[in-house]
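[1] Here is my input, please return the structure:
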Amino acid sequence: MTQTASPSPGTAGDQAVAGQVPLLEVRHLQVHFRSPRRWGLWGPRRVVRAVEDVSFAIWPGETLGLVGESGCGKSTTARAILGLVPRTGGEILLDGQPVEPTRAGRGHPLRRSVQMIFQDPYASLDPRMTVQRIVTEPMEVLGHEPDRRRRALLAVKLLQMVGLDPRYLNRYPHEFSGGQRQRIGIARALAARPRLLLCDEPVSALDVSIQAQVVNLLQDLQQQLGLALLFIAHDLAVVRHISHRVGVMYLGRLVELAPAAELYRNPRHPYTQALLSAVPVPDPGLQRARGRQHLAGEVPSPEREYRGCAFADRCPLVEPRCRQEVPPLQGDQHQVACFVAQESKEQELQGHSSPDDPSSSR
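    Sure thing, here's the model as predicted:
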């Protein structure tokens with residue numbers, strides 16, 4: 001694998017301007033499930049709209065963070081990319097080439113380029129397999145290394161890369177702590193020689209003291225191997241630390257997408273503003289002065305079909321238009337799906353360019 005430097009937060013936009021093709025592109029992704037509940041006694045089963053019209057791109061060497069409340073569709077999005085759940089609509093492109101909406105076989109380029117790190121390190125490893133068997137299996141299945149002795153040597157190197165002693169190769173998963181198991185899961189993913197890792201809340205099941213170690217490990221591996229990451233989490237502080245860009249999801253939709261520094265400094269969607277106001281800061285005085293935005297009500301059911309914005313029932317800035325139309329995700333580097341935020345941005349730009357503004361004549 002080639003070693004390349006991880007990009008700066010602005011690189012994704014620079015690559016787009018230069019006309020380069022993203023490593024992975026998701027266009028208008030939809031994932032719907034049939035609910036066991038029915039409309040009425042004999043009516044059709046309800047539809048759960050887990051993911052609804054989600055679009056984004058990930059560039060080589062970039063980390064895209066995906067945040068939102070539980071049940072907003074983050075993990076389903078990642079699983080749909082890999083074909084672990086069928087997608088109802090939309091396109092997925094790898095290196096600009098469409099990926100068919102069927103489960104990718106072992107020889108498919110998607111399986112060779114994209115791997116997943118799961119949330120639960122206890123459930124994601126086969127308890128009947130040794131660490132060596134777990135780590136070498138992707139090499140064998142994908143045909144990267146047919147020689148058995150060569151696979152064993154590569155397993156030693158992979159364990160060293162993730163900070164584990166190679167003497168652990170003959171042990172079983174139950175002999176390790178949660179953090180060690182997650183490192184084994186990372187080694188298994190790297191064995192497939194991927195270019196993109198889908199990290200589905202990889203630290204949420206770990207102790208706080210271990211979380212930072214795993215996040216730092218992922219960043220180090222990204223620098224060494226030139227990996228791209230889709231990092232899914234509900235911890236906004238962790239996402240800010242590791243991500244170049246951040247997307248915020250609410251009820252199956254992307255409501256804001258921006259460079260990490262810009263999104264945390266200037267959140268424009270009311271939902272993003274509420275999420276960030278709940279993140280504690282170490283200064284008690286600043287915490288009291290900043291206050292917290294409390295959202296009314298609970299997250300609605302994904303079985304409900306909305307005519308307008310899904311956030312309208314909880315939004316403090318709701319307008320009549322919000323209940324009639326779905327706001328599109330619009331913008332250049334900083335995209336937001338909110339009519340009020342878009343109008344506010346337009347007024348701000350008009351104010352800066354107004355001929356009556358004394359600063360415009362300087």
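[2] ok, which stretches of the stretch 251-362 of the chain are strands?
    Along the stretch 251-362 of the chain, the segments classed as strands by DSSP state E, counting those that start in this stretch run 253-259, 335-336.
[3] what would these look like in TSV with mean pLDDT and mean neighbour count?
    Every residue, glycine included, has its C-beta placed from N, CA and C. Rendered in TSV, the data for the strands of the stretch 251-362 of the chain read as follows (pLDDT from 0 to 100; neighbours: other CB atoms under 10 Å):
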stretch	mean pLDDT	mean neighbour count
strand 253-259	96	25
strand 335-336	96	24
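[4] Which positions in stretch 135-152 come out as buried?
    The neighbour-count check on stretch 135-152 (16 or more other CB atoms under 10 Å) flags 135-139, 142, 144-145, 151 as buried.
[5] now swap in stretch 323-333 and tell me
    Neighbour counts using 16+ other CB under 10 Å place 327, 329, 331 of stretch 323-333 among the buried residues.
[6] tell me the mean pLDDT for it?
    Confidence for stretch 323-333, expressed as mean pLDDT, is 91.
[7] Need the distance between the two termini of that stretch.
    For stretch 323-333, the separation between the terminal residues is 27 Å (CA to CA, to the nearest Å).
[8] contact partners of it?
    Outside of stretch 323-333, the residues within contact range by CB atoms under 8 Å, 6 or more residues apart in numbering are 13, 55, 254-255, 257-259, 262, 306-309, 312, 335-339, 342, 345.
[9] Could you list the residues in contact with the longest helix seen in the chain?
    In the chain, ranked by residue count with DSSP state H as the criterion, the top helix is helix 208-225. Contacts to helix 208-225, defined as CB under 8 Å, 6+ apart, come from residues 1-3, 5-6, 61, 63, 161-163, 177-179, 182-183, 186, 190, 197, 199, 202-203, 206, 227-229, 231, 235, 238, 241-242.
[10] Produce a ChimeraX select command limited to the buried residues of those.
    To isolate the buried ones among the contacts of helix 208-225 in ChimeraX, judged by 16+ other CB under 10 Å, type:
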select :6,61,63,161,162,163,178,179,182,183,186,190,197,199,202,203,206,227,228,229,231,235,238,242
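[11] So which of the contacts of helix 208-225 belong to strands?
    With strands defined by DSSP state E, the entries of those inside them are 63, 197, 199, 228-229, 231.
[12] that older thread, mind giving me CSV with the strands of the stretch 251-362 of the chain and columns for distance to residue 350?
    Formatted as CSV, these follow (distance: least, CB to CB, whole Å):
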stretch, distance to residue 350
strand 253-259, 21
strand 335-336, 17
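[13] so how far is residue 243 from residue 132?
    Note on residue 132: its distance to residue 243, by CB to CB, to the nearest Å, is 33 Å.
[14] With residue 113 instead?
    Relative to residue 243, residue 113 is positioned 20 Å away (criterion: CB to CB).
[15] between those two, who's got more neighbours?
    Legend: neighbour count by other CB atoms under 10 Å for residue 113 and residue 243, higher for residue 243 (25 against 17).
[16] Not counting residues beside it along the chain, what's closest to the more buried one?
    Distances taken as CB to CB, 6 or more residues apart in numbering place residue 65 nearest to residue 243, at 3.3 Å, with adjacent residues excluded.
[17] next helix or strand past the helix-or-strand element of the chain with minimal mean pLDDT?
    For the chain, using mean pLDDT, DSSP states H and E, the weakest element among its helices and strands is helix 11-18, scoring a mean of 48. Once the chain leaves helix 11-18, the next helix or strand it forms, by DSSP states H and E, is strand 24-38.
[18] Give me the buried positions along that following strand.
    Neighbour-count burial for strand 24-38, with 16+ other CB under 10 Å as criterion, is recorded at 24-26, 29-33.
[19] Now do the helices in the stretch 151-300 of the chain.
    Using DSSP state H, counting those that start in this stretch, the helices assigned to the stretch 151-300 of the chain run over residues 178-191, 208-225, 236-242, 260-265, 270-277, 284-290.
[20] most tightly surrounded among these?
    By mean neighbour count, with neighbours taken as mean count of other CB atoms under 10 Å, helix 178-191 ranks first of the helices of the stretch 151-300 of the chain at a mean of 23.
[21] What is that one packed up against?
    With contacts defined as 3 or more CB pairs under 8 Å, 6 or more residues apart in numbering; DSSP states H and E, helix 178-191 has these neighbours: strand 114-117, helix 131-142, helix 148-161, helix 208-225.
[22] just checking, residue 156 touches residue 169?
    Yes. Residue 156 is in contact with residue 169 according to CB atoms under 8 Å; the separation is 7.1 Å.
[23] of these two, who's got more company?
    Between residue 156 and residue 169, counted using other CB under 10 Å, the more crowded position is residue 169 (19 against 15).
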